[in-house]
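# Just to be clear, the model below is a prediction. Sequence and coordinates:
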There are 2 protein chains.
Amino acid sequence: MNIAVIGASCTPYGEWWDKSLRDLLAQAQLAALDDAGLAAKDIQEIFVANMCAGQLSGQVNLGAMAADILGIHIPSTRIEGACASGALAIRAGIAALESGRAEVVMVSGVEKMTDVDHALATESLMSATDYETEGFVGATFPGLFALVTRAYMHQFGITREQLALVSVKNHKHGALNPRAHFRKEISVTDVLKSSMVADPLTLLDCSPVSDGAACIILSTPAFAKEIGKHGVNIIASTQASDTLALSHRKEFTQFYATQQAAQQAFMIASIKPSDVDLVEVHDAFSMAEIIALEDLGFFERGTAAFATAEGKTVLNGQLTVNSSGGLKAKGHPVGASGIGQIVELVQQLRGQCGVRQVNNAKIGLAHSMGGLGATVAVHILAKEA
Amino acid sequence: MNIAVIGASCTPYGEWWDKSLRDLLAQAQLAALDDAGLAAKDIQEIFVANMCAGQLSGQVNLGAMAADILGIHIPSTRIEGACASGALAIRAGIAALESGRAEVVMVSGVEKMTDVDHALATESLMSATDYETEGFVGATFPGLFALVTRAYMHQFGITREQLALVSVKNHKHGALNPRAHFRKEISVTDVLKSSMVADPLTLLDCSPVSDGAACIILSTPAFAKEIGKHGVNIIASTQASDTLALSHRKEFTQFYATQQAAQQAFMIASIKPSDVDLVEVHDAFSMAEIIALEDLGFFERGTAAFATAEGKTVLNGQLTVNSSGGLKAKGHPVGASGIGQIVELVQQLRGQCGVRQVNNAKIGLAHSMGGLGATVAVHILAKEA
C-alpha cells in the first residue's frame, strides 16, 4: 500500500485552560491545511478521533464539529477506539482513499482532559476496559497496568530502577520537543520518589492527562505528486483486537493484538524490524513501552528493559524510541495521541526535528493501543527514495 | 455502487433491564451471523455503532467488545455520529469492502439507555448538539426541536393535529412489528393529551429511550453470490454535514445535510424519488419525519404534513414511510437505530414482513440524522431483479 501524508501538525500538548475542545481541534486542523498548502474546500472527507468528550465535555458528534470548523459540509465521522482512536481514524481515512471515495482526506484528533465539567479523567479512561468485570468492581486503568507490571517484573527479573529508565529517556526526548507537555529531564530517583499511583507504578511511570489536538492530511500518491507535497508515505496500516477484559487473557505480559498487527504490518511493508529507524510506541505507562518493543519484534521477550537500560532506545541509539517524548513526556490527549505519533514520524522523515532529529531517518513505525491491549493499530511510514 | 447485504437482524427494542450492553450486542451479532449462514471466523472486520455507552454505562472501546463477543481478533472499530452512528458505521463497512481490505464485514450497533448508572439519558442525548452554545446554557434536544417545530408550523400553517398524525401512523405500523418497543395504536387525542415535553411537542411526538441492538453483514457481490446469499444490495451510501449548532443556520425548517446526502444518493443510484417504494426516516420527533420527507425530495416543501394527513405515507400508501414503526414506535436505541432501519428495508425487500409487508417492494431508502441535522447519511437499497 501507498498513501501520501501531505500535511501534518499538532498543537502543543499541555493544560490549556483557556482553550476549548473546538479551539484545539481548529488549531490543529488549520495548521495541517497550512502545512499541506490546501484550502478547506480541497478536503473531501474528515475522520476525527476522540475518546472522552462525551464524558468530560458533554460533547459527541465531533464529526460535525470538525467539518463545521472548516465551514464545509462534507462527510465527517468520529472514530473511537479508546487511546488508539487516532490510529483507527487514520485507518478509516486510508480506507476512504483506497475505496476511491476520496482523493484527499483529513484525519484529526482531539482531547480536552483538564478543566472539564463532567467526570474525573480516571473514571473516563477506565471506560476503555471492561466495565462489567473491571470498572464496576473498582479497578482503575493504572491499577490494571500495575498488575501487568508486577507480573512482568516477576517473570523477567527486571528491577524498579530499570523500569524507571523508560520515563527518564522519554523526558530526555521531551525536553527537546517544543510541543511536549513536559520539557524537563528527570532522574531515576525522581521517578522512584514521585507519588505512588498503583504499586509499583509511580506518578512518573504514568503518562499525564493532557489537552491537545493533532491533524494529518492524507491523499493518493497521484494527488500528492500533482501538488508537489509528496515525500512521506504510509506503507502499512494494520489493526487487531484482543479480549476487552485483561482477566480473559491467557497472558498478562505480552499483548497478542500488538504482535498480530506488527506481523501483518511488516509483511505488507515488506520490511523487517531491523529496517526501522525510529518508532513511536504507546508508552501510557513505562511498562507499556517495554512490552510494546518486544511485541513489535524489536527486542526478544524479556529483554527490552535491559536494552533500555543499556541506552539502545535513546535518540540515535540502536533504535530511536519515542523521539517526541512519547505519551509520557510529550503528553497524552488520548484522541490526538495516535495522530500525534504520525506527526512526529512525518517531521522526522522530512528532517524537520532540529535538536531531536534522528540521523538519516528513512523508516518509522507508530504503535497505538486502546484499552489494555484490546485494540492495537500499527502504521509504518517511509521517506521516498 | 453495489454492496450485498447478506445478513440482517435486530433485537426487539424496549426496556431490557435484564440485559447488558454486551448481551444486546451479542444477541444481534449472533443472529445476523445465523441469518447469513456464516461463522464468526468468516468476518474480516467489524464496525460497531454506539453513541452513549461512555456516558451511560462507563464503557467505550466497543470495537474490542464486538470482536470479543465473536471470539476473534480482527480489526474492530467504534463509529459515532450521534443518532446517525449506525448509518455512519455502515459507510465505514462499505469503505472497507470497496478498498479491497475485506470481502465480508459486520456492522453492528447497540445502545443501552434504560437501567444505567451514570447520567440522565436526556443529558447524554444533548451531547449530540453544540455543548458550548446550546447544552451549556441549558437547552435540551427536545427543546431545540420544539423551536424547529414552532418555526415550521408558523411558516407552513400546519396544525398540531396534523403533526400528531405522524405518531398515529407510526404507532399503527409499530403495532404490526413484533420487534417494536410500542405495539399499541394511538389516536390524535392521545398525542395531544400526553405530557408536554417541550411546547408544542408532547411525549407522543417524541421517540422513546430504548435498549436494543442491530447488526448487518455486508459483502462484495461476488462473495454473496458464492454463498448464495445475494438478493438485496446497497446501491447508494452518502453522508453530509451541517453546522453543529442550530443557531448557526440560516434556516430552521429544512436541513441542508439531508438535501445534500439525498441528491447525491439519487444520483449515485440513478433513480428518482418516485422510484422508491418505502423509506425509513429519522422520526426522532414527529416534525423530524415531515422535514425529512421534504428534504429527501418525496414531497414539496411545506406539504409533507398535509400528505401525511391524507394517508399518503401509510403502509402501502403512495410511499410507505416507516413501516417498522419508525424511531417513534419501533424505538430508538440510538447506536442501533441507523442499522435497524436497514434491517427493516432488507426484510421488506426479501418479502419477510408478514402483516406489515409493503406490496411489491423493490427499492427502499433509509435516512439517519445525528444531532440537529448536523450529520446525515442516506442509503438506498434495491432488490435484485
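Perfect, I can see it now.
# residue nearest the centroid of chain A?
Nearest to the centroid of the C-alpha atoms of chain A, with distances taken as C-alpha atoms, centre = their mean, sits A:G338, at 3.1 Å.
# element containing that residue?
helix A:334-350 (DSSP states H and E).
# Could you give the separation of that helix from the chain centroid?
7 Å (C-alpha atoms, centre = their mean, to the nearest Å).
# right, and A:G93 touches A:V104 too?
No. Look at A:G93 against A:V104 with C-beta atoms under 8 Å: they stay out of range, at 9.8 Å. In short, each C-beta sits where N, CA and C put it, glycine included.
# okay, and the common contacts of those two?
A:L218 (C-beta atoms under 8 Å, 6 or more residues apart in numbering or on different chains).
# between the two, who's got more neighbours?
A direct count of neighbours by other C-beta atoms under 10 Å in any protein chain shown for A:G93 and A:V104 places A:G93 higher, at 30 against 23.
# care to break chain A down by domain?
When chain A is parsed with automatic domain parsing, its domains come out as A:3-119+A:210-226, A:138-207+A:234-383.
# all strands of chain A, in order?
Counting by DSSP state E, chain A has strands at residues A:3-10, A:45-49, A:76-80, A:104-111, A:196-198, A:201-202, A:212-219, A:232-241, A:278-280, A:320-321, A:363-370, A:375-383.
# The residue nearest to the centre of chain A contacts A:A89, doesn't it?
Yes. Between A:G338 and A:A89 there is a contact at 7.4 Å, judged by C-beta under 8 Å.
# Could you pull out the buried residues of the worst-scoring helix or strand of chain A on mean pLDDT?
The helix or strand of chain A with the poorest confidence is helix A:121-126; it has a mean of 86 (mean pLDDT, DSSP states H and E). Within helix A:121-126, the residues scored as buried using 16 or more other C-beta atoms under 10 Å in any protein chain shown are A:121, A:123-126.
# Same check on stretch A:244-261?
For stretch A:244-261, by 16+ other C-beta under 10 Å, it's A:244-246, A:249, A:252-261.
# need the contact list for the residue of chain A positioned farthest from its centre.
With C-alpha atoms, centre = their mean as the measure, chain A has its most outlying C-alpha, relative to the mean C-alpha position, at A:E226: 29.8 Å. Contacts of A:E226 were listed using C-beta under 8 Å, 6+ apart, and none were found.
# ok, now the one 4 residues further on?
Taking C-beta under 8 Å, 6+ apart, we find A:H230 in contact with A:4, A:6, A:221, A:224, A:384.
# now do A:S219
With C-beta under 8 Å, 6+ apart, A:S219 has these contacts: A:3-4, A:6, A:97, A:103-105, A:229.
# Reformat these as JSON lines; add distance to chain B and pLDDT.
Formatted as JSON lines, the contacts of A:S219 follow (distance: C-beta to the nearest C-beta, whole Å; pLDDT from 0 to 100):
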{"residue": "A:I3", "distance to chain B": "11", "pLDDT": "98"}
{"residue": "A:A4", "distance to chain B": "16", "pLDDT": "98"}
{"residue": "A:I6", "distance to chain B": "19", "pLDDT": "98"}
{"residue": "A:L97", "distance to chain B": "8", "pLDDT": "98"}
{"residue": "A:E103", "distance to chain B": "14", "pLDDT": "98"}
{"residue": "A:V104", "distance to chain B": "15", "pLDDT": "98"}
{"residue": "A:V105", "distance to chain B": "11", "pLDDT": "98"}
{"residue": "A:K229", "distance to chain B": "22", "pLDDT": "96"}
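# Make TSV out of those residues and add distance to B:T308.
Listed next are those as TSV, based on distance: C-beta to C-beta, whole Å:
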residue	distance to B:T308
A:I3	47
A:A4	50
A:I6	49
A:L97	42
A:E103	42
A:V104	42
A:V105	39
A:K229	52
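# Which of these ranks first by neighbour count?
Top of these by neighbour count (other C-beta under 10 Å): A:V105, with 28 neighbours.
# Please tell me how far it sits from B:S108.
Note on A:V105: its distance to B:S108, by C-beta to C-beta, to the nearest Å, is 24 Å.
# Could you tell me which ranges of the stretch 201-350 of chain A sit under the pLDDT cut-off?
Across the stretch 201-350 of chain A, nothing is flagged by pLDDT under 70.
# That one: helices as residue ranges?
Along the stretch 201-350 of chain A, counting by DSSP state H, counting those that start in this stretch, helices occupy A:221-226, A:256-269, A:286-295, A:304-309, A:326-329, A:334-350.
# Dump these into JSON lines; add distance to A:E161 as well.
Putting these into JSON lines (distance: least, C-beta to C-beta, whole Å) gives the following:
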{"stretch": "helix A:221-226", "distance to A:E161": "46"}
{"stretch": "helix A:256-269", "distance to A:E161": "25"}
{"stretch": "helix A:286-295", "distance to A:E161": "11"}
{"stretch": "helix A:304-309", "distance to A:E161": "8"}
{"stretch": "helix A:326-329", "distance to A:E161": "17"}
{"stretch": "helix A:334-350", "distance to A:E161": "27"}
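# Just name the most buried of these.
helix A:326-329 (a mean of 32; mean count of other C-beta atoms under 10 Å in any protein chain shown).
# Which neighbouring elements make contact with that one?
helix A:160-174 (3 or more C-beta pairs under 8 Å, 6 or more residues apart in numbering or on different chains; DSSP states H and E).
# for the helix it packs on, packing partners?
Counting by 3+ C-beta pairs under 8 Å, 6+ apart, helix A:160-174 packs on helix A:141-156, helix A:188-193, helix A:286-295, helix A:304-309, helix A:326-329.
# switch the cut-off to 7 Å
Here helix A:160-174 is seen to pack against helix A:188-193, helix A:286-295, helix A:304-309, helix A:326-329 when contacts are counted using 3 or more C-beta pairs under 7 Å, 6 or more residues apart in numbering or on different chains; DSSP states H and E.
# Turn those into CSV, including distance to B:E132.
Below are those laid out as CSV (distance: least, C-beta to C-beta, whole Å):
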stretch, distance to B:E132
helix A:188-193, 38
helix A:286-295, 34
helix A:304-309, 43
helix A:326-329, 28
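# Of these, give the one that comes closest to B:T238.
Nearest of the helices and strands packed on helix A:160-174 to B:T238, taken as C-beta to C-beta: helix A:326-329 at 37.1 Å.
# ok, and what's touching that closest one?
Applying C-beta atoms under 7 Å, 6 or more residues apart in numbering or on different chains, the external contacts of helix A:326-329 come out as A:167, A:170-171, A:173-174, A:180-182, A:207, A:282-284, A:289, A:337.
# Minimum distance to A:C52: which of the helices of the stretch 201-350 of chain A has it?
Judging the helices of the stretch 201-350 of chain A by C-beta to C-beta, what sits closest to A:C52 is helix A:334-350, at 6.5 Å.
# How about the contacts made by A:A180?
Shown in contact with A:A180 (C-beta under 7 Å, 6+ apart): A:13, A:174, A:325, A:329-331.
# Which of these are buried? Put it as a PyMOL command.
Here the buried members of the contacts of A:A180 are turned into a PyMOL selection, burial being counted by 16+ other C-beta under 10 Å:
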select buried, chain A and resi 13+174+325+329+330+331
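# ok, for the residue nearest to the centre of chain A, nearest residue in space, not its chain neighbours?
Excluding the flanking residues, the one nearest A:G338 by C-beta to C-beta, 6 or more residues apart in numbering or on different chains is A:G86, at 2.6 Å.
# can you tell me which residues contact that neighbour?
By C-beta under 7 Å, 6+ apart, the neighbours of A:G86 are A:49, A:109, A:214, A:335-339, A:368.
# Same list, those, but as a markdown table with distance to A:H379 please.
Shown next, in a markdown table, are the contacts of A:G86 (distance: C-beta to C-beta, whole Å):
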| residue | distance to A:H379 |
| --- | --- |
| A:A49 | 13 |
| A:G109 | 14 |
| A:A214 | 13 |
| A:G335 | 16 |
| A:A336 | 15 |
| A:S337 | 13 |
| A:G338 | 9 |
| A:I339 | 10 |
| A:S368 | 8 |
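# Spatially nearest residue to A:A164 (excluding sequence neighbours)?
A:A164's closest residue in space is A:V191 (C-beta to C-beta, 6+ apart), at 3.7 Å.
# Noted, bye for now.
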